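1. Generate coordinates for the sequence data below:
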Amino acid sequence: MNAYFALSGIEQPDRKFFEEPPVTQVIENLTDGFSTFDENWYFTFVSPKCKRLFQLPDDVVGKHLWRDFPLLAESGFYEAAHGALGDRKTVIFEERCPYTQIWVESRIQPCRNGAAIYYQDISERMQAKDEQLRISAILEATTDFVSIFDPKGKPPYLNRAGRQLIGIAADEDISQVKIPFHPTWASDMVLREGIPAALREGVWSGETALLTRDGREIPVSQVLIAHKNTDGEVEFISTIARDISERKRAEERLLEQAALLDQAPDAIMVCDLNHRIVYWYKGAERMYGWRADEVVGQNLCELLSATENVDEALRELLARGVWRGEMRCLTKEKREIINECHWTIVRDAEGQNKSILIINTDITEKKKLEEQFLRTQRMESIGTLAGGIAHDLNNVLSPILLATRILNLKFPDDDSKKLLGTLRRSAERGADLVRQVLMYARGTDGERVLLQPRHIINEVVRMLQDTLPKSITIKQSLPANLWAVSGDTTQLYQVIMNLCVNARDAMPDGGLISLKAENTSVDEHQSKSFLDARLGDFVVIRVKDNGTGIPAEIRSKIFEPFFTTKVQGQGSGLGLATVLGIVKSHDGFIDFESEMGKGTCFQVYLPAVKNEVAPELERDAKELPHGQGETILIVDDEVEILKMTSETLAAYGYRTVLAQGGEEAVHHCRQNPAQIALALVDMMMPRMDGVATIRELKKLHPDLKVIMTSGLADTHKLAEANALGATGFLAKPCLPGKMIQVIASALNFKSEP
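-> Below is the predicted model:
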C-alpha cells in the first residue's frame, strides 16, 4: 500500500524506470497488482501480480487495453477508467475480473501522460460479504426472533421477525429502543441462569417470554449462544426465540382435557395392543385403588383379575373395532365390582391399530338395585297372594278365638278348660302367623307413638339375657343422645327380637351378638344404594353376629315369606319377611352385610324425630273394663264372626245389634239411630264395603263412634274411613281382651280398680 501511494503521485515514468533494480524489487514485493497505461490506453507497465490476477500474457506491455482485451471493454472497468482520466480524479471500484472471475478492487490514479492502477484481490472479503448477505437474508426470512448483542447486553442487530414480534419498525434504530425485550421474571432467568450457562458451556436453552411494546407477554422457547474468538474471548452473544403461544395453548387444552378426564367418574384407561397399560386416569385410580405409577406397563386383565368374557371381548374388539359388555373386576383391596365396559380400538393416520381406549363404569350399585327391584316385585306378588289367603283365614280364626272365651264360661271343668286351652293356643298361633303374613304383605300402621329405640333395645336385651344360652354374649352400644322415632312399640320390638333370634340360630356353638344404634343422615349418594331409601335423618339399628354367615346364593331370597334354611319345625320362614314388612310400614329400609365364616350384620334405618323426647315404656297391665248396657252395632258379612262377637260383648255388659252387610246396618241405624252408641264395621264386605257403610251411618248418626275391623289392612280405605270420623281399628283375628279395651277407649270408659 505504501509503495503504491508513493508511486501514484508521480508523473508516469517510461518503461526503463520500472526496470531499474530498486524499483523492480519494490514492485515484486507488492502483495497486489500494479499497472500503467498511456493516454491512448496502451499498457506501459504490468506487474507480475497483475498478470496473474487478469491472466495477462507476458508480452502485454504495448498492447491496447480495450482492443486487445475486449472483455474489459465490456465491463465496468471501461467506464471507471474513462471517468478517472476525464475527470482527472482517483476512482475506486469493485468488480469481478471477466477473465479470472476473481473479485478485484481497482484504484485508478490519473497521471499527466496516462494513469496508474492498483489492483487488490478482494475475493475473500467479497466471499465473506456474500456469506454475510446470505446469513442476513436467512435471518431476515426466518419466522423466529433472532438477535445479536454484546456481552454487556446491547443488541446491535434484531431481525425482521423479532422487530414484528416486539413491535419495532423496520427503519427504527435498534440501539435507540429503550423498552425491555423480556418481562421481569424472564429477564431475571436470562441474566441469572441463561447468560452464565452460555458463557460457561457455550449454549443455553429454556422457556422464557418476550415483552411487546403494548405490554403483552409472548411465551418463547429461547436459545443463547456465546460466540468466542480464537483467544476464547466472547465477541458477541446470539439468541434465537420461537413463539410457542400455540403450543402453550395446546398444552393448556390438553391439561384441561386431562383434568376433565380426571374428574370423570368412569375409569378411563389406554392400553397397547398387548393389553399393557399406557395411561391411567384419576377415575381409574378412584375406582380400582391403584395409582398410575403402580400400574403403567402392567397387563390390565391380569391386574383386575378380569378373566370372564375377556377372550370373547377381545375377538369382537379386533373384529369390529368396539366392544360393549359387562365384566367382573377386583380392586386393589380385592373387592369385586361389576363394570359396564366400552372398549374402542384407536388407529393411527394409516388406519393401523395403535392402542385400546377403555372406559369402564362401576354399575355394582345399579346391579344391586336391580336385584332389589326384582326381589321386591317377586315379594309383592307373593305378598298379594299371601294377603288374600290370610284374609280368608282371619275370618275362619276370628269366631274360634271369640268362642273359646265364651266356652270357658260355659264349661268350667278342668278337662274342658284343657281342651279349650289347647284350642285357644292353636288358634292364637294361627292368628299370629296370619298377622305376620299380613304385616309382610301389606304392612300395618299399628299404633304410632313417639318412642325411644334405646328403651326397646334394652327391653330386648333384658329378655335375651334370661333366655339365651350362656355360650352367647350380648353387647350393646346405645348413645344417650339417640334420636326418637315414630312407630309401634310392639312391632319394633318384634323387629329387633326376630333379628336377634336369627343371630342366635347362626351361632350354634356360641358367639357374640352386638346391638348398636346411632344417629345418621342419608345423603343423595347413599340413598342411591338402596331401592327404598330416601334422604333425611335416621336412627340406624345394627344387629351383628359372628356366626356362620349367609351363603351368597340365597341372599336374594332371605326376605321372601316361608323361605327358611332351618330344619322342619324350627322356623316358619316368616321372621325376616315380617321384619321387612314392619320396617317398610315405618317408612324405613333395611340392609345387610354377610361374609361366610365371619358373620352377618343387619342394619335397620328408621326415620328420626329430632328435638323431641320420647316417654318411657309403660309396663303396667290394665284390667278389662265392663260396659253399662250400651248398644253396639256389629257389621260383618261372616255369620260366625257376628255370633261370637255378640256373645263376647254380651259377657262384658254390652247389648248388640247384628247386621250381615252394610245395607242391613244402615237399615238398623235408620230405625233408631240414637240407640246405637258404637259400630264395629268390617272394611272388606261385598256389595257395600266398610267405607260406604261408615259414610251412610254418619249421615244418619253424625256422633256415632265407629271402629273399623279387617283381616287385611288397606291403607287407603283406612285413611278414607278415618276422614269420615272412624275412631279406631281392630285387626282380625282379634283377641277378646284387645277388642274390649278398644271399645272401652272409644266410649271413654276407664279401667275398673
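2. give me the element K738 is part of.
-> Assigned by DSSP states H and E, K738 belongs to helix 736-746.
3. Quick one: list the elements packing against that helix.
-> Applying 3 or more CB pairs under 8 Å, 6 or more residues apart in numbering; DSSP states H and E, we find helix 736-746 packed against helix 364-410, helix 639-651, strand 676-682, strand 705-710, strand 728-731. To be clear about C-beta, it is placed using only N, CA and C from the backbone, and glycine gets the same treatment.
4. Rebuild these as JSON lines, extending it with mean neighbour count.
-> Listed next are those as JSON lines, based on neighbours: other CB atoms under 10 Å:
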{"stretch": "helix 364-410", "mean neighbour count": "17"}
{"stretch": "helix 639-651", "mean neighbour count": "19"}
{"stretch": "strand 676-682", "mean neighbour count": "25"}
{"stretch": "strand 705-710", "mean neighbour count": "23"}
{"stretch": "strand 728-731", "mean neighbour count": "19"}
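5. Any idea which of the ones you listed has the lowest pLDDT on average?
-> Note on these: lowest mean pLDDT is at helix 364-410, with a mean of 69.
6. who's in contact with the nearest residue to S355 once chain neighbours are set aside?
-> Distance criterion CB to CB, 6 or more residues apart in numbering; nearest residue to S355, sequence neighbours excluded, is V346 at 4.7 Å. V346 is in contact with V270, N353, K354, S355, I356, L357, counting by CB atoms under 8 Å, 6 or more residues apart in numbering.
7. Pop out the phi and psi values for V346.
-> phi -100, psi 130 (degrees, to the nearest 10).
8. State the distance from it to L317.
-> For V346, the distance to L317 equals 11 Å [CB to CB, to the nearest Å].
9. shouldn't I743 be in contact with V706?
-> No: I743 is not in contact with V706 according to CB atoms under 8 Å; the separation is 11.3 Å.
10. Between these two, which contacts overlap?
-> Here I743 and V706 share the contacting residues L678, scored by CB under 8 Å, 6+ apart.
11. Next one: the nearest residue to G114 once chain neighbours are set aside from L53, what distance?
-> Nearest non-adjacent residue to G114, counting by CB to CB, 6+ apart: D38, 4.1 Å away. Computed as CB to CB, the D38 to L53 distance reads 21 Å.
12. More neighbours: these two, which one.
-> More crowded of D38 and L53, by other CB atoms under 10 Å: L53, with 21 against 14.
13. Disregarding flanking residues, what is the spatial nearest neighbour of that one?
-> G33 (4.8 Å).
14. so that neighbour bridges to which residues?
-> Under DSSP bridges, the beta-bridge partners of G33 are Y119.
15. hmm, back to that, in strands only, show me the contacts of V346.
-> Using DSSP state E, V270, N353, K354, S355, I356, L357 are the members of these that sit in strands.
16. Buried only: go through these for me.
-> V270, S355, I356 (16 or more other CB atoms under 10 Å).
17. Throw those residues into JSON lines and include distance to K584 and pLDDT, thanks.
-> Below are those laid out as JSON lines (distance: CB to CB, whole Å; pLDDT from 0 to 100):
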{"residue": "V270", "distance to K584": "46", "pLDDT": "89"}
{"residue": "S355", "distance to K584": "50", "pLDDT": "89"}
{"residue": "I356", "distance to K584": "46", "pLDDT": "89"}
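18. Just put these in a markdown table and tack on distance to I174.
-> Below are those laid out as a markdown table (distance: CB to CB, whole Å):
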| residue | distance to I174 |
| --- | --- |
| V270 | 50 |
| S355 | 51 |
| I356 | 56 |
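19. Show me which of those is closest to Q222.
-> Nearest to Q222 out of these is V270 (CB to CB; 33.5 Å).
20. Excluding sequence neighbours, find me the nearest residue to the closest one.
-> Taking CB to CB, 6+ apart, and ignoring the residues beside it in sequence, V270 has Y279 as its nearest neighbour in space, at 4.0 Å.
21. helix/strand/coil for the one you found?
-> Recorded secondary structure, Y279: strand (DSSP: H, G, I helix; E, B strand; the rest coil).
22. Please list all residues in contact with it.
-> I268, M269, V270, A292, V296.
23. Could you check how far it is from C271?
-> In this view, Y279 and C271 are 9 Å apart by CB to CB.
24. For stretch 316-324, output the C-alpha coordinates as PDB.
-> Provided in PDB are the C-alpha atoms of stretch 316-324 (Å, rounded to 0.1, in the frame of the first residue of the first chain):
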ATOM      1  CA  GLU A 316     -65.100 -58.800  19.000                       C
ATOM      2  CA  LEU A 317     -62.900 -55.700  19.600                       C
ATOM      3  CA  LEU A 318     -60.400 -56.700  16.900                       C
ATOM      4  CA  ALA A 319     -63.200 -57.700  14.500                       C
ATOM      5  CA  ARG A 320     -65.500 -54.700  14.900                       C
ATOM      6  CA  GLY A 321     -63.200 -52.100  16.500                       C
ATOM      7  CA  VAL A 322     -65.500 -51.700  19.500                       C
ATOM      8  CA  TRP A 323     -66.800 -53.900  22.300                       C
ATOM      9  CA  ARG A 324     -69.500 -53.200  24.900                       C
END
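25. Distance from the chain centre to that stretch, please.
-> 26 Å (CA atoms, centre = their mean, to the nearest Å).
26. Go ahead and name everything in contact with it.
-> A313, L314, E340, C341, H342, W343, T344, I345, N353, I356.
27. Okay, and which of the residues you listed map to helices?
-> Those of these mapping onto helices are A313, L314, per DSSP state H.
28. ok, the contacts of stretch 316-324 vs S238, which is closest?
-> Of the contacts of stretch 316-324, the one sitting nearest to S238 (CB to CB) turns out to be N353, at 46.5 Å.
29. show me what contacts the closest residue to the closest one other than its chain neighbours?
-> Distances taken as CB to CB, 6+ apart place I345 nearest to N353, at 5.4 Å, with adjacent residues excluded. Shown in contact with I345 (CB under 8 Å, 6+ apart): L317, L318, G321, V322, N353, S355, I356, L357.
30. ok, 7 Å please
-> Applying CB atoms under 7 Å, 6 or more residues apart in numbering, one finds that I345 lies in contact with L317, G321, N353, I356.
31. Closest to the centroid, which residue in this protein?
-> Nearest to the mean C-alpha position of the chain, by CA atoms, centre = their mean, lies P265 at 2.5 Å.
32. Could you tell me whether that one really is in a helix?
-> No: assessed with three-state DSSP, P265 is coil; it does not lie in a helix.
33. I figured it hits G283, correct?
-> Yes: taking CB atoms under 7 Å as the definition, P265 is a contact partner of G283 at 6.1 Å.
34. May I see the domains of this structure written out as residue ranges?
-> As given by automatic domain parsing, the domain ranges for the chain are 2-126, 142-243, 249-362, 367-435, 449-609, 631-746.
35. ok, back up a step: now the residue nearest to V270: how far from A169?
-> The value you get for Y279 to A169, if CB to CB is used, is 49 Å.
36. what ranges of the stretch 101-250 of the chain fall below the confidence cut-off?
-> Scanning the stretch 101-250 of the chain for pLDDT under 70 picks out 151-155.
37. Okay, strands next: where are they in it?
-> With strands called from DSSP state E, counting those that start in this stretch, the stretch 101-250 of the chain shows them at 103-111, 114-121, 145-149, 157-158, 203-211, 217-228, 234-243.
38. And the shortest one, how far out from the chain middle?
-> If I follow you right, that is strand 157-158. Centroid displacement of strand 157-158 relative to its chain, using CA atoms, centre = their mean, is 53 Å.
39. Strand partners (parallel or antiparallel) of that strand?
-> strand 145-149 (antiparallel).
40. Mind checking what secondary structure W290 has?
-> Under three-state DSSP, W290 comes out as coil.
41. Excluding sequence neighbours, find me the nearest residue to it.
-> Distance criterion CB to CB, 6+ apart; nearest residue to W290, sequence neighbours excluded, is K332 at 5.3 Å.
42. Brilliant, that's me finished.
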